[in-house]
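>>> requesting a structural model of the entry that follows:
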Amino acid sequence: MPNPLQPLAKKDFDYAAAQHLLNRAGFGGTPAQVRALVELGLDDAVDYIVDFKGDGTIPAAVEFAGIMRTETPEERETLRKARAAGDEETIFRLQRERQAREKSDREQLAEMQKWWLAKMISTGRPLEEKLTLFWHGHFATGYRTIENSYHMLAQNAFLRANAAGNFADLVRGIIRDPAMLKYLDNDENRRRSPNENLARELMELFTLGEGNDYTERDIKEGARALTGMTFRGNDFFFNQQEHDPTPKTILGRTGSFSGDEFVSIILEHPVCARFIVSKLYKFFVNDAPAPPKDAGDAVSRLAKDFRAKRYEIRPILKTLFRSQHFYAKDNRLSVVKSPTQLMVQTIRSLGTPTREMSALSQAGDLMGQQLFQPPSVKGWDGGRAWINTATLFVRQNIVVYLVTGRRPAAFDWNPSELSYDVSPLLAHLRDSGGGVDPHEAVRALATFALGGEPAPERLAELEQFLGALGGTVTDDRVKAMLCLIGAMPEYQLC
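Sure, this is the predicted structure:
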């Protein structure tokens, strides 16, 4: 069987292939950006996308680390005395102050959601944000459980800083992350009463996959290795007094293992590399229930390379993004856009205004993807699970909103007045008089917006639609066609 990871022939890295790369390794791009990538050529284009320099900045609007701070000794003493004295007024005042901080924290989370969406839209390092989103769904942590927006923001910064780095660093960091420690109750994991939550999900969801060559005994022993790993305030804290130093047997190895040694044992298991590569494959290549016949071979080869390179992420992404397999016909338009991908790609590719960020955040929630709030520790199911009758309605309407600025009356949204210049989408087709042939305009718009050659019936549908509007190409008619394209099933794919 031919090696599916052989590099794509340089001559085959054409406009369609470059757009495919931009859509998958990021959130799409304008026609001019696609052409610029073609000019770079396959190798330089992949290097340009993958070798980004990380951005660890935290936005000024959400840098407040102390909203959900632990009560000071003075506050605890005041509360103790008030309870002992039956001082209801003081107790009520302290409760109101706590509730005010909780309200401020929820407001900060809303600002964080808008900030991250805006970052995805404007970034010059799209793969950085795409990977951060991937790891957010992999090491899934939800705000409603931990109720500390700064801990969620710190985790987001950690995932971004290590997004294309080393998977071992990600795992060792996540068992020290205050948001994860709280989310999976490891702050309650003590030597006399071990809590298995983090150990279980570390093996089942984060590294090996459910049921892959480990037992309940391994989980219980792993939980003992993680005892004492907690946090104080906003920082990791190892509580030596609560750590169980006695011997443990994990995956056939025996010793007085710590949390880091537990991770090392897991990473030595050959199943780990394949499990992570399989998830990356579904995210970047193909999430269909029945993937191409050579998908298993591609995953096996990547997993072998991943393990050989000691879990370095960048090298396997470069191999993947250069491979014939990545650009194969079966792997084009084979991933269902997540709600975030749908919105951000529409803005970045079609060049629509961003409109109101709060409206996009609300729409993401309605479509099933609220940032910083995965539905469970399993993250989002993704794939075909993104699409149902309710979400499809919102998906279509959010495209209309981005293109026209008008929102569905059902949600009582006010229209946005931001204008939208569609001319860059058809600039390469205009004749000396500034006109555009209607047939060429329909084909160009559909091919670019759908990310591939449209079916004949789709072209006929668009030509009939344009004809009913008068036949000639105007800005308003281009917008109307984009709204129709956004309602097509193919637009849900990238």
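>>> pull the residues that contact stretch 197-206.
Contacts to stretch 197-206, defined as Cβ atoms under 8 Å, 6 or more residues apart in numbering, come from residues 138-140, 171, 174-175, 180-181, 184-186, 189, 210-211, 214, 218-220, 222-223, 225-226, 262-263, 266, 377-379. Quick note: C-beta positions are derived from backbone N, CA and C, even for glycine.
>>> leaving out the residues flanking it, which one is nearest to Gly255?
Of all residues not flanking Gly255 in the chain, Pro247 sits nearest, at 6.2 Å (Cβ to Cβ, 6 or more residues apart in numbering).
>>> burial measure for the one you found, as a count.
Residues lying near Pro247 (other Cβ atoms under 10 Å) number 11.
>>> tell me the contacts of it?
Counting by Cβ under 8 Å, 6+ apart, Pro247 makes contact with 254-256.
>>> sorry, back to before: among the contacts of stretch 197-206, which ones are buried?
The neighbour-count test (16 or more other Cβ atoms under 10 Å) marks 138-140, 171, 174-175, 180-181, 184, 186, 189, 214, 218-219, 222-223, 225-226, 262-263, 266, 377, 379 as buried among the contacts of stretch 197-206.
>>> so of those residues, which ones are in helices?
138, 171, 174, 180-181, 218-219, 222-223, 225, 262-263, 266 (DSSP state H).
>>> now, which of the residues you listed sits nearest Cys494?
Of all these, His138 has the smallest distance to Cys494: 19.5 Å, by Cβ to Cβ.
>>> test my guess that that closest one contacts Ser278.
No. Under the criterion of Cβ atoms under 8 Å, His138 makes no contact with Ser278, lying 11.6 Å away.
>>> just the ones in helices among the buried ones among the contacts of stretch 197-206 now: which is nearest Arg443?
Comparing these against Arg443 with Cβ to Cβ places His138 closest, at 38.9 Å.
>>> buried stuff in the helix or strand where Leu317 lies?
Assigned by DSSP states H and E, Leu317 belongs to helix 313-322. By neighbour count with 16+ other Cβ under 10 Å, helix 313-322 contains the buried residues 313-314, 316-322.
>>> now, among the residues you listed, which is nearest to Gly467?
Proximity of those to Gly467 (Cβ to Cβ) peaks at Phe321, which lies at 40.6 Å.
>>> pull the contacting residues for the closest one.
For Phe321, the contacting residues are 21, 24-25, 46, 49-50, by Cβ under 8 Å, 6+ apart.
>>> if you rank those residues by neighbours, which is first?
In terms of neighbour count, Arg24 stands highest of these at 26 neighbours, by other Cβ under 10 Å.
>>> distance to Phe284 and neighbour count added to the contacts of Pro247, as TSV?
Output for the contacts of Pro247, formatted as TSV (distance: Cβ to Cβ, whole Å; neighbours: other Cβ atoms under 10 Å):
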residue	distance to Phe284	neighbour count
Thr254	39	10
Gly255	37	12
Ser256	40	13
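>>> secondary structure for these - can I get that in a markdown table?
Formatted as a markdown table, those follow (DSSP: H, G, I helix; E, B strand; the rest coil):
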| residue | secondary structure |
| --- | --- |
| Thr254 | strand |
| Gly255 | strand |
| Ser256 | coil |
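>>> which one of the residues you listed sits closest to Ala273?
Using Cβ to Cβ, Gly255 comes nearest to Ala273 of these, at 23.1 Å.
>>> the closest one pairs with what?
With DSSP bridges as the criterion, Gly255 is bridged to Lys248.
>>> measure it to Ser104 for me?
46 Å (Cβ to Cβ, to the nearest Å).
>>> what does Tyr327 give?
Using Cβ to Cβ, Tyr327 is found at 48 Å from Ser104.
>>> with Arg200 instead?
Distance from Arg200 to Ser104, counting by Cβ to Cβ: 34 Å.
>>> looking at these two, which is more packed in?
Just comparing Arg200 and Ser104: by other Cβ under 10 Å the higher neighbour count belongs to Arg200, 21 against 14.
>>> which SSE is that one in?
Here Arg200 is assigned to helix 197-201, by DSSP H and E.
>>> I figured Tyr281 hits Ala295, correct?
Yes. Shown here, Tyr281 and Ala295 form a contact pair, counting by Cβ under 8 Å, at 7.0 Å.
>>> hmm, Val436 is touching Leu426, no?
Yes. Counting by Cβ under 8 Å, Val436 touches Leu426, with 5.3 Å between them.
>>> what residues are shared contacts of those two?
Residues touching both Val436 and Leu426 (Cβ under 8 Å, 6+ apart): Val473.
>>> for these two, indicate the residue with more neighbours.
Taking other Cβ under 10 Å, Val436 and Leu426 do not tie; Val436 has more neighbours (22 against 19).
>>> nearest residue to the more buried one other than its sequence neighbours?
With Cβ to Cβ, 6+ apart as the criterion, Val436 has its nearest non-adjacent residue at 4.5 Å, and that residue is Val473.
>>> picking up where we left off before, of the contacts of Phe321, closest to Asp87?
Distance to Asp87 across the contacts of Phe321 (Cβ to Cβ) is lowest for Ala25, with 60.4 Å.
>>> show me what contacts that closest one?
The contact partners of Ala25, by Cβ under 8 Å, 6+ apart, come to 49-50, 126-127, 130, 284, 317, 321.
>>> could you do Asn331 as well?
So Asn331 contacts 285-286, 292, 325 (Cβ under 8 Å, 6+ apart).
>>> okay, now Arg172: neighbour count?
Per other Cβ under 10 Å, the neighbour tally for Arg172 reads 16.
>>> list the contacts of it.
Residues near Arg172 by Cβ under 8 Å, 6+ apart: 260, 263.
>>> against Ser122, how distant is it?
Relative to Ser122, and taking Cβ to Cβ, Arg172 is found at 31 Å.
>>> okay, the contacts of Ala25 in JSON lines with distance to Phe306 and pLDDT next?
Formatted as JSON lines, these follow (distance: Cβ to Cβ, whole Å; pLDDT from 0 to 100):
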{"residue": "Ile49", "distance to Phe306": "19", "pLDDT": "98"}
{"residue": "Val50", "distance to Phe306": "15", "pLDDT": "98"}
{"residue": "Pro126", "distance to Phe306": "22", "pLDDT": "97"}
{"residue": "Leu127", "distance to Phe306": "17", "pLDDT": "98"}
{"residue": "Lys130", "distance to Phe306": "18", "pLDDT": "98"}
{"residue": "Phe284", "distance to Phe306": "14", "pLDDT": "98"}
{"residue": "Leu317", "distance to Phe306": "10", "pLDDT": "98"}
{"residue": "Phe321", "distance to Phe306": "15", "pLDDT": "98"}
